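next one to model:
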Amino acid sequence: MKEKVLVLGLSKSGISAAKYLNKNGYDVYLTESKKEVNESEVQELKNLGIKVEFGGHSEGFIEGSSFAVTSPGIPPKSEIFKKLNSKNIPIISE
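Predicted structure coming up:
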């Protein structure tokens, strides 16, 4: 069974991290808080087997993650960081 990894942010760095992790055998879940996203980028990630959600961070995406990779643009005091910390999910900055 592949190790589940959460990637925060559908930016250039988040997309690159998701592709890298996917290529290296992880089960990648990419989550974005914004509702407006580039549909072609999302479809490309889905075609690679990367799960993508936008418009919030659901419990289903967070639950069971071994660790989370975050963009430097996400503030450490953000709500998603609080959720990850409450679930003892290690956070790695890319």
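
contact partners for the residue nearest to residue 48 when sequence neighbours are not counted?
With sequence-adjacent residues excluded and distances taken as C-beta to C-beta, 6 or more residues apart in numbering, residue 48 is closest to residue 22, at 5.5 Å. Using the backbone N, CA and C atoms, a C-beta is placed for each residue, glycine as well. Going by C-beta atoms under 8 Å, 6 or more residues apart in numbering, residue 22 touches 28, 48-50.

again, only this time at 10 Å
2, 5, 7, 28, 30, 45, 48-50 (C-beta atoms under 10 Å, 6 or more residues apart in numbering).

in strands, which of these appear?
Judged by DSSP state E, strands contain the following of these: 5, 7, 28, 30.

quick one: which of the residues you listed is most hemmed in?
residue 7 (32 neighbours; other C-beta atoms under 10 Å).

who is it paired with across the strands?
As for beta bridges, residue 7 partners with residue 30, residue 69 under DSSP bridges.

where's it relative to residue 28, distance?
For residue 7, the distance to residue 28 (C-beta to C-beta, to the nearest Å) stands at 6 Å.

quick check: neighbours shared by the two?
By C-beta under 10 Å, 6+ apart, the residues touching both residue 7 and residue 28 are 17-22, 45, 50-52, 69.

end to end, how far does stretch 69-85 reach?
For stretch 69-85, the first-to-last residue distance is 13 Å (C-alpha to C-alpha, to the nearest Å).

next, give phi and psi for residue 53.
phi -130, psi 150 (degrees, to the nearest 10).

and the contacts of residue 22, which is closest to residue 87?
Nearest to residue 87 among the contacts of residue 22 is residue 5, at 14.0 Å by C-beta to C-beta.

circling back: are any of the shared contacts of residue 7 and residue 28 buried, and which?
17-19, 21-22, 45, 50-52, 69 (16 or more other C-beta atoms under 10 Å).

tabulate those in a markdown table, adding columns for distance to residue 81.
What follows is these, written out as a markdown table (distance: C-beta to C-beta, whole Å):
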| residue | distance to residue 81 |
| --- | --- |
| 17 | 17 |
| 18 | 19 |
| 19 | 23 |
| 21 | 19 |
| 22 | 23 |
| 45 | 23 |
| 50 | 22 |
| 51 | 20 |
| 52 | 20 |
| 69 | 13 |
